[in-house]
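Q: Need the 3D shape of this:
(one chain, ligands or ions: 4)
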Amino acid sequence: MAENRGDQNGEFSFGKSLSIGRRGLAKIQTDKKALSSSSEEVCHDDSGTPVRAQTLDELHSLQRKRSTPSTPIRGVPQAGGVFATISEEDRHKQQLQSISASLASLTRETGPKLVKGDPERKTGSEIKTTHFSAPTIAISDSGLKFTHVLYNLSPAELYEQAIKYEKGSFITSSGALATLSGAKTGRAPRDKRVVKDETTEDDLWWGKGSPNIEMDEHTFLVNRERAVDYLNSLDKVFVNDQFLNWDPENRIKVRIVSARAYHSLFMHNMCIRPTPEELEDFGTPDFTIYNAGQFPCNRYTHYMTSSTSVDLNLARREMVILGTQYAGEMKKGLFGVMHYLMPKRQILSLHSGCNMGKDGDVALFFGLSGTGKTTLSTDHNRYLIGDDEHCWGENGVSNIEGGCYAKCIDLSREKEPDIWNAIKFGAVLENVVFDEHTREVDYSDKSVTENTRAAYPIEYIPNAKIPCYGPHPKNVILLACDAFGVLPPVSKLSLAQTMYHFISGYTALVAGTEEGVKEPRATFSACFGAAFIMMHPTKYATMLAEKMQKHGASGWLVNTGWSGGRYGSGSRIKLAYTRKIIDAIHSGSLLKANCTKTEVFGLEIPTEIEGVPSEILDPINTWSDKNAYKETLLHLSGLFKKNFEVFLNYKVGKDGNLTDEIVAAGPVF
Ligand SMILES: Nc1ncnc2c1ncn2[C@@H]1O[C@H](COP(=O)(O)OP(=O)(O)OP(=O)(O)O)[C@@H](O)[C@H]1O
Ligand SMILES: O=C([O-])CC(=O)C(=O)O
Ligand SMILES: [Ca+2]
Ligand SMILES: [Mn+2]
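A: Residues are numbered from 1 along each chain as shown. Ligands and ions are numbered 1, 2, ... in the order given. Here you go, the predicted structure:
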């Protein structure tokens, strides 16, 4: 505007009487007469058109303009719109009605009245109050109060909510929103409960080794009531209506009701974001999460062993979260749901990253947490389909999610530029430490937790493949971070070996931040995701074997962990080398490479890979103490063998024809 424009020297001037520049500060006139006479006679520098507003409120309301949808929304009467069926107001009503039904108590029918919009902004149309729950006698005060629904807010709006109302929310120097997830900085698998009823009793995997700890329907409803009451007691709740799965035929509609802008923005990033038109047609969700994470469960409730409870009810299509604010519970909770729904449709759900080369060659990256799914699927030379959760069906692979969830500990711009650059406005940064003044994040700081994370929409990665699906995979890469340092950096697997390692689901990390812990801890997690699978591992393994066979996919085992000795004496294999190995898998050159076979595990290891020192390819070369190597190798293979015992009696493959081969593909010693 006129008062503020730069002058020819690139300096700013504040009107004629107050200009700063080489002329120096002008005197401020206080003489009333002089002022009044000048206002009559002198033409001030106000050549710009005056502000249209009459009041400050009006001025502020001008600042925010209503965005128009990219295509006309059906139902909004257009000029001559024959298709206009319902008014916008009716549409809002229907939406509120649906959310009101979600938040209804199942035992009494007096919930709070639901209103749309921020309680702080009680202006104009937002005052409209419509109460939709069934008309019964109000028996509690909650029936007299209003709860505002903040429905599918944009990242900018969610930033404002977070910064205004949530302690520990800050904008970092790159524009990402830093948040704290509270006392829990990781998932709590021991607090997961699944309702056992007639259907799930037979369908799901129960008992030893299973992640599904049972609860009954009644206890679920007790926890549901607790969560819903908590949410209804608040002034406002966030509601996200979004999708899972980029395969249009198998898309699932999810609703997330939560109390924190952090949770809403996290899910905005992680689930698939509907267009305004899709949102208009959203209707009833297929699955609903009630996230009352700030509020604990009642430990005297049956089945509860702590004040945290994450409860899944497949029949009701609902999940309740109490006593943990870690947002990953929502992400992985929905993944569990997909692990139930998709195999029922003959679609395999996978805890894997996925990318595609320029020629359409697709690779899957399986692995437990922290083994490199996100890091290695985010590859500047390939299209990213997704970093963590996929479906493999009749037509190929599809990403379940709309965003990525990267580990940030020791993140560097040089080694992981695409992830680094994705941590910008809109991204959620969990539990990181930053400079109080500059707001630069220190990614090496583990003060809050070792599990620092960034959640960002997939389109923040420049070469994301959108829509996120692709053809059948050519390579299936199993990642293990072997802190024992005895698995080769890469080995080519037979189908039986692929199945053996897939069912085993091995990794060994070093216990995080505890001081003095030098011993790698082996983890076996069936299908590289035992915490999320709902049915017996052999169900998923059989499907994987069939699909790999049918589409001629090759299996690989890649150790992204230690080399040159176990944790303490060796070091983690350089990411640059792992990337070269992965390049050679993608290009097909590794398939043709000369190989030797290792002792005990019987793994085929290449003798040469471009860009990787040959001596590291066989781990025995990198250990100075060969006896220690053999000892460690035998120790690890013993752990594999022991872990596999529980699977010996299960049948894998058509008529169980693969079982013997798979068992034989394990370590021999
Ligand atoms: N050689 C290597 N290969 C892969 N990752 C490595 C390597 N060396 C170090 N890393 C680090 O290991 C971490 C791998 O984490 P990543 O986010 O990829 O895990 P993830 O498999 O996606 O796990 P989650 O399922 O928990 O998201 C990153 O922090 C990465 O920088
Ligand atoms: O779920 C989480 O918290 C992180 C993750 O991706 C995993 O553990 O596989
Ligand atoms: Ca990840
Ligand atoms: Mn994961």
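
Q: Dihedrals phi and psi, whatever residue of the chain ends up closest to ligand 2?
A: The minimum distance from the chain to ligand 2, using CB to the nearest ligand atom, falls at Gly328 (2.9 Å). All C-beta spots, glycine's among them, are computed from the backbone N, C-alpha and C. Dihedral angles of Gly328 (phi, psi; degrees, to the nearest 10) stand at phi -60, psi -20.

Q: now swap in Thr498 and tell me
A: Main-chain dihedrals, Thr498, degrees, to the nearest 10: phi -60, psi -40.

Q: What of Trp623?
A: Phi and psi for Trp623, reported as degrees, to the nearest 10, are phi -90, psi 130.

Q: From what I see, it and Gly564 are in contact.
A: Yes: here Trp623 reaches Gly564: they are 6.9 Å apart, a contact under CB atoms under 8 Å.

Q: anything in contact with each of those two?
A: 485, 570 (CB atoms under 8 Å, 6 or more residues apart in numbering).

Q: These two: who's more crowded?
A: Trp623 (21 against 17; other CB atoms under 10 Å).

Q: how far away is that one from Ile605?
A: For Trp623, the distance to Ile605 equals 15 Å [CB to CB, to the nearest Å].

Q: What of His472?
A: In terms of CB to CB, His472 sits 27 Å off from Ile605.

Q: And those two? Which one has more around it.
A: Ile605 (22 against 17).

Q: who's that one bridged to?
A: Taking DSSP bridges as the rule, Ile605 bridges to Thr596.

Q: same thing with Thr288?
A: Beta-bridge pairing for Thr288 (DSSP bridges): Arg255, Glu318.

Q: And the strands in the stretch 251-400 of the chain?
A: Under the criterion DSSP state E, counting those that start in this stretch, strands of the stretch 251-400 of the chain are mapped to 252-258, 287-292, 309-313, 318-322, 348-350, 352-356, 362-367, 383-386, 390-393, 396-399.

Q: And stretch 104-119, what's buried?
A: 104-105, 108, 110-118 (16 or more other CB atoms under 10 Å).

Q: And stretch 292-305, by the same measure?
A: 292-297, 303-304.

Q: likewise stretch 242-258?
A: 242-247, 250, 252-258.

Q: Contacts only, for the residue of the chain closest to ligand 2.
A: Contacts of Gly328 (CB under 8 Å, 6+ apart): 186-187, 405, 453.

Q: Same question for Tyr469.
A: Counting by CB under 8 Å, 6+ apart, Tyr469 has contacts 246-247, 385, 395-399.

Q: Now it. Its backbone dihedrals?
A: phi -150, psi 170.

Q: residue ranges for the helices of the stretch 201-350 of the chain, please.
A: 217-233, 261-270, 276-280, 328-344 (DSSP state H, counting those that start in this stretch).

Q: Of those helices, give the one that comes closest to ligand 3.
A: Ligand 3 lies closest to helix 328-344 among the helices of the stretch 201-350 of the chain, at 9.9 Å (CB to the ion).

Q: tell me which residues of that closest one are tucked away?
A: For helix 328-344, the neighbour count (16+ other CB under 10 Å) marks 328-343 as buried.

Q: still on that earlier bit, now distance to ligand 2 and pLDDT too, for the buried residues of stretch 292-305, in a markdown table please.
A: Listed next are those as a markdown table, based on distance: CB to the nearest ligand atom, whole Å; pLDDT from 0 to 100:
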| residue | distance to ligand 2 | pLDDT |
| --- | --- | --- |
| Ala292 | 19 | 98 |
| Gly293 | 14 | 98 |
| Gln294 | 18 | 97 |
| Phe295 | 21 | 97 |
| Pro296 | 20 | 95 |
| Cys297 | 20 | 95 |
| Tyr303 | 23 | 90 |
| Met304 | 22 | 91 |
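
Q: Could you identify the most distant pair in those?
A: Gln294 and Tyr303 (21.3 Å; CB to CB).

Q: so what's whatever residue of the stretch 451-600 of the chain ends up closest to ligand 3 up against?
A: Proximity of the stretch 451-600 of the chain to ligand 3 (CB to the ion) peaks at Arg453, 8.2 Å away. Counting by CB under 8 Å, 6+ apart, Arg453 makes contact with 328, 405-408, 429-431.

Q: are any of those residues buried, and which?
A: In the contacts of Arg453, burial by neighbour count holds for 328, 405-408, 429-431, counting by 16+ other CB under 10 Å.

Q: out of the residues you listed, which are inside helices?
A: By the criterion of DSSP state H, membership of the buried ones among the contacts of Arg453 in helices covers Gly328.

Q: Which one of the buried ones among the contacts of Arg453 is nearest to ligand 1?
A: Lys407 (3.6 Å).

Q: Distance of Val476 relative to ligand 1?
A: 15 Å (CB to the nearest ligand atom, to the nearest Å).

Q: which SSE is that residue in?
A: For Val476, the host element (DSSP states H and E) is strand 473-480.

Q: and what of Lys547?
A: Lys547 belongs to helix 537-551, assigned by DSSP H and E.

Q: Name the residues that touch that helix?
A: Contacts for helix 537-551 (CB under 8 Å, 6+ apart): 205, 339, 343, 346, 348-350, 392, 472-474, 476, 495, 498-499, 502-503, 526-527, 530, 533, 553, 555, 647, 650-654, 658.

Q: just curious, which of the contacts of Tyr469 is nearest to Ile466?
A: Trp246 (8.5 Å).

Q: Now do the phi/psi pair for Gly561.
A: With angles defined as degrees, to the nearest 10, Gly561 sits at phi -100, psi -130.

Q: returning to what we had before: so which of the buried residues of stretch 104-119 would you say is closest to Ser87?
A: Lys116 (15.1 Å).

Q: so where does the closest residue to that closest one other than its chain neighbours fall, helix or strand?
A: Using CB to CB, 6 or more residues apart in numbering and skipping the chain neighbours, the partner closest in space to Lys116 is Val149 (5.3 Å). Using DSSP H and E, Val149 sits in strand 146-151.

Q: Please name every helix or strand in contact with that strand.
A: Secondary-structure packing of strand 146-151 (3 or more CB pairs under 8 Å, 6 or more residues apart in numbering; DSSP states H and E): helix 88-102, strand 113-116, strand 236-244.
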